[in-house]
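Trainee: Structure, please.
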Amino acid sequence: MFVIFRNTFRSATQFNIVANLGKPMLAFMWIAVGFNLIGFLMQFGTCCGVCCCSGKKLAVSKSQAIGGGVSDRDGMDSEKNGGTNGGGH
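Mentor: Residues are numbered from 1 along each chain as shown. Below you'll find the predicted structure:
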């Protein structure tokens with residue numbers, strides 16, 4: 001943006017404005033780019049941590065290992081054990 005403004009100011013000679021890109025402005029722009037990159041990486045890491053690495057899969061697999069797998073509320077265990085599924089079949 002600063003380069004665009006500098007070129008615009010240089011082309012408007014009737015206003016007598018002088019603009020230069022110096023070392024402080026170059027350093028400021030690269031520091032801003034660095035902070036922007038750090039912020040992006042932090043946000044991306046947070047999103048990945050919430051979606052992929054929340055530990056929910058680990059908790060589900062541990063509960064299934066402790067509980068013996070499928071619960072009785074969906075009728076699967078009663079059919080395996082030779083019982084009926086509430087419908088008298």
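Trainee: average pLDDT for the longest helix that the chain contains?
Mentor: With secondary structure taken from DSSP state H, the chain has its longest helix at helix 23-51. Helix 23-51 shows a mean pLDDT of 87.
Trainee: ok, now how distant is residue 39 from residue 13?
Mentor: Residue 39 is 39 Å from residue 13, where distance means Cβ to Cβ, to the nearest Å. Placement of C-beta: from N, CA and C, glycine included.
Trainee: before we move on, what about residue 46?
Mentor: Taken as Cβ to Cβ, the span from residue 46 to residue 13 is 50 Å.
Trainee: same question, residue 1
Mentor: For residue 1, the distance to residue 13 - Cβ to Cβ - is 21 Å.
Trainee: And residue 38, by the same measure?
Mentor: Between residue 38 and residue 13 the computed distance is 41 Å (Cβ to Cβ).
Trainee: next one: residue 21
Mentor: From residue 21 across to residue 13, the span is 19 Å (Cβ to Cβ).
Trainee: more crowded one of the two?
Mentor: Counted by other Cβ atoms under 10 Å, residue 21 and residue 13 do not tie: residue 21 has more neighbours, with 11 against 8.
Trainee: show me what contacts that one?
Mentor: By Cβ atoms under 8 Å, 6 or more residues apart in numbering, residue 21 lies in contact with 2-3, 6.
Trainee: how about the nearest residue to residue 29, chain neighbours excluded?
Mentor: Closest residue in space to residue 29, ignoring its immediate chain neighbours: residue 2 at 7.0 Å, by Cβ to Cβ, 6 or more residues apart in numbering.
Trainee: The one you found: neighbour count?
Mentor: Around residue 2 sit 12 other residues, with neighbours defined as other Cβ under 10 Å.
Trainee: ok, it touching residue 22?
Mentor: No - look at residue 2 against residue 22 with Cβ atoms under 8 Å: they stay out of range, at 10.3 Å.
Trainee: what's the first-to-last distance across stretch 8-15?
Mentor: 11 Å (Cα to Cα, to the nearest Å).
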